[in-house]
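[1] Next come a sequence and a model predicted from it.
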Amino acid sequence: MDRTLSAALMVSISYFTLLALPGIMLYGPLPPPRFLETIVSTATHSTLSTLLVIPTSLILGYTLTFRTEARYLTTLILSTTAIPHTAIGVLLSPIIFNLQLTDTSAAIILGMFIVSTPIGVGVLRASFAAQGVEMEEYLRGMGVRGFRILWFYLRASPTSVLLAALLSWFRAFSELGVFLIIAQRPQTVGIYIFEEFLKTGPTAVISASLILLGVALVLTLATVVLEGGPRSS
Amino acid sequence: MVLEVRDLVVSKGGFRLEIKYLQVTRKTVLLGRNGAGKSTLLRCLMGFIRQVSGLILVEGRDISQLPPEERPLGYIPQRVVKLPLAPKQQLEFFSRLHCGDYRPLVSKLGLSSLVDKKNLSLGEAQLLTIATTLLKNPSALLMDEPCANLDWPTKRLVLETVRNIDVPVLYVTHDPLEALMIADEVALLENGILKEVYPNNAREDMSGVFELYDLYKRLKPS
């Protein structure tokens, strides 16, 4: 491992340790019993959402990079990052209520999909743009069409696809706003912490928050390693 | 005529390209300064940019309404294309796609040593791209400054390979030396307008070198 990468990892670990210390010292590190179940449930939903986000992001990322006429859609897709997620929940609510999907796994996955797709699209679009239009034009000139071109880009950028999946997964995992409106059950970690905090204050949820900090640390480390490693794109 | 361009007008972001007439039957070099419209012409011939008007004929058939995938032309872009496949895989893939066999072609071009290599240099990758493109059996080959990023010995190797190709080539460059080395004729492009097409006499008669340099010097920057 090169020195810059080691230094980046050390800085990340130190930062999260410093962030966690006051909470541990005040309230102790043990998580409440139901919390781990909530984590497993949220992780499962995040995984299902990511399985939908990645193919969608590949197609959208490719289209937005190489099709001039589709570039205007970028604003539309990325706009969900600028709207408070409670508002996204409100906008989704007519559909969710009419289809009777309130408080279901389907609503959670839909919410996660909407908030994490811009992340996946953003990462893959940047990766495709960095590879340049030449490969796409060359392949089209050689008679290669549609999904086969996408397959070439996929092969050319496995690190970026992995990074897009990782970031989308964690974005889905950390969602709260949308679920406050359309799906408070099955309980996700965001909802759990919010409800417990309202009931009993910070004491009950500080250890849960510390665990989530650990999860964020894993994300940071994985991102640092992926970005610091040999780039195929 | 293999490739013919008639009354072609392309408009792109305030830039206008006008080609009254151009034919490519041998090795034609399109020579012009930066921004003259050389790459725009190639990208239009390939269908990546739509023309405002005019005809693009390949063996007498107008291809100007066809998508890039269906145009019977080979295209080598300015930046060296490194596909995410090993050289052998790449040649096999495109052989399958175009129902051909890469072995005789690679052997004819003297590139057999590249097939089993794992990592290719920029020059080797460009030679592989040329071989791969020929697997399509294009009616003509469009090359956009294929030697732009190569050192001199590699450049010579690529130029010799281009000279040995049996297919008509429209070769874009801003380098008169490259033009002299491979051209049967040189088309001068200035500010989006095709000025004239000159036969390249330099290979038989050294006075042609001075003639071409003199012509080149007269080209105005865009």
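    Okay, I see it.
[2] for the helix or strand encompassing A:Ala165, packing partners?
    Applying DSSP states H and E as the criterion places A:Ala165 in helix A:158-173. If you count contacts as 3 or more C-beta pairs under 8 Å, 6 or more residues apart in numbering or on different chains; DSSP states H and E, helix A:158-173 packs onto helix A:35-66, helix A:105-131, helix A:202-228. C-beta: built from backbone N, CA, C; applies to glycine.
[3] On the C-terminal side of it, identify the next helix or strand.
    Next along from helix A:158-173, by DSSP H and E: helix A:177-182.
[4] Return the distance of the spatially most central residue of chain B relative to chain A.
    Nearest to the geometric centre of chain B sits B:Met143, at 2.0 Å (C-alpha atoms, centre = their mean). Distance, B:Met143 to chain A, by C-beta to the nearest C-beta, to the nearest Å: 12 Å.
[5] in a helix, that's where that residue is, yeah?
    No: assignment of B:Met143 by DSSP: H, G, I helix; E, B strand; the rest coil gives strand, placing it outside any helix.
[6] On the three-state scheme, the closest residue to B:Met46 other than its chain neighbours is what?
    Leaving out its chain neighbours, the residue that sits closest to B:Met46 by C-beta to C-beta, 6 or more residues apart in numbering or on different chains is B:Tyr75, at 4.8 Å. Counting by three-state DSSP, the backbone at B:Tyr75 sits in strand.
[7] which ones are touching the residue nearest to the spatial centre of chain A?
    With distances taken as C-alpha atoms, centre = their mean, A:Ser168 lies nearest the centre of chain A, 2.2 Å away. By C-beta atoms under 8 Å, 6 or more residues apart in numbering or on different chains, the contact list for A:Ser168 reads A:Ser49, A:Thr50, A:Val53, A:Ile54, A:Ser57, A:Ser116, A:Thr117, A:Ile119, A:Gly120.
[8] ok, now with 10 Å
    A:46, A:49-54, A:56-57, A:112-113, A:115-123 (C-beta atoms under 10 Å, 6 or more residues apart in numbering or on different chains).
[9] tally of neighbours for the residue nearest to A:Gly122 when sequence neighbours are not counted?
    Spatial nearest neighbour of A:Gly122, excluding adjacent residues (C-beta to C-beta, 6+ apart): A:Leu78 at 7.0 Å. Using other C-beta atoms under 10 Å in any protein chain shown, A:Leu78 has 16 neighbouring residues.
[10] give me every residue that touches A:Leu78.
    A:Leu64, A:Thr117, A:Pro118, A:Ile119, A:Val121, A:Gly122, A:Arg125.
[11] returning to that earlier point: out of the helices and strands packed on helix A:158-173, which comes closest to B:Thr40?
    Closest approach to B:Thr40 among these (C-beta to C-beta): helix A:35-66, 17.8 Å.
[12] how many neighbours does A:Ser116 have?
    So A:Ser116, with other C-beta under 10 Å, has 29 neighbours.
[13] I'd say it and A:Phe173 touch.
    Yes: between A:Ser116 and A:Phe173 there is a contact under C-beta atoms under 10 Å: 8.9 Å.
[14] intersection of neighbour lists for these two?
    With C-beta under 10 Å, 6+ apart, A:Ser116 and A:Phe173 have common neighbours A:Ser46, A:Ser49, A:Thr50.
[15] hang on, the earlier thing: the residue nearest to B:Met46 and A:Leu217: what is the separation?
    Using C-beta to C-beta, to the nearest Å, B:Tyr75 is found at 48 Å from A:Leu217.
[16] Who has more neighbours out of the two?
    Remark: of B:Tyr75 and A:Leu217, B:Tyr75 carries more neighbours, 28 against 17, as counted by other C-beta under 10 Å.
[17] measure the more buried one to A:Leu139 for me?
    B:Tyr75 is 10 Å from A:Leu139, by C-beta to C-beta.
[18] Mutual contacts of the two, please.
    What both B:Tyr75 and A:Leu139 touch, as defined by C-beta under 10 Å, 6+ apart, is the set B:Pro68, B:Val81.
[19] circling back: buried by neighbour count, from the contacts of A:Ser168: which ones?
    Neighbour counting by 16 or more other C-beta atoms under 10 Å in any protein chain shown classes A:46, A:49-50, A:52-54, A:57, A:112-113, A:115-123 among those as buried.
[20] mean confidence score for stretch A:94-113?
    Average pLDDT, stretch A:94-113: 96.
[21] outside of that stretch, which residues touch it?
    Against stretch A:94-113 from outside (C-beta under 10 Å, 6+ apart): A:41-42, A:44-53, A:56, A:85, A:88-89, A:92-93, A:120, A:168-169, A:171-188, A:191.
[22] Let's see that stretch as PDB, backbone CA atoms only.
    C-alpha atoms of stretch A:94-113 as PDB (Å, rounded to 0.1, in the frame of the first residue of the first chain):
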ATOM      1  CA  PRO A  94     -50.200   9.800  -4.000                       C
ATOM      2  CA  ILE A  95     -48.800   6.900  -5.900                       C
ATOM      3  CA  ILE A  96     -47.900   4.900  -2.700                       C
ATOM      4  CA  PHE A  97     -51.200   5.500  -1.100                       C
ATOM      5  CA  ASN A  98     -53.200   4.700  -4.200                       C
ATOM      6  CA  LEU A  99     -51.300   1.400  -4.700                       C
ATOM      7  CA  GLN A 100     -51.700   0.700  -1.000                       C
ATOM      8  CA  LEU A 101     -48.000   0.400  -0.600                       C
ATOM      9  CA  THR A 102     -47.700   2.500   2.500                       C
ATOM     10  CA  ASP A 103     -45.400   0.900   5.100                       C
ATOM     11  CA  THR A 104     -44.300  -1.900   2.800                       C
ATOM     12  CA  SER A 105     -40.900  -3.100   1.600                       C
ATOM     13  CA  ALA A 106     -41.800  -2.000  -1.900                       C
ATOM     14  CA  ALA A 107     -42.300   1.600  -0.700                       C
ATOM     15  CA  ILE A 108     -38.900   1.500   1.100                       C
ATOM     16  CA  ILE A 109     -37.100   0.100  -2.000                       C
ATOM     17  CA  LEU A 110     -38.800   2.700  -4.200                       C
ATOM     18  CA  GLY A 111     -37.800   5.500  -1.800                       C
ATOM     19  CA  MET A 112     -34.200   4.200  -1.600                       C
ATOM     20  CA  PHE A 113     -34.100   3.800  -5.400                       C
END
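[23] Give the buried residues for that stretch.
    Under 16+ other C-beta under 10 Å, the buried positions of stretch A:94-113 are A:Ile96, A:Leu101, A:Thr102, A:Thr104, A:Ala107, A:Ile108, A:Ile109, A:Leu110, A:Gly111, A:Met112, A:Phe113.
[24] between those, which is closest to A:Ala208?
    A:Ile108 (18.5 Å).
[25] Distance check, that closest one against A:Pro94.
    Taking C-beta to C-beta, one finds A:Ile108 at 17 Å from A:Pro94.
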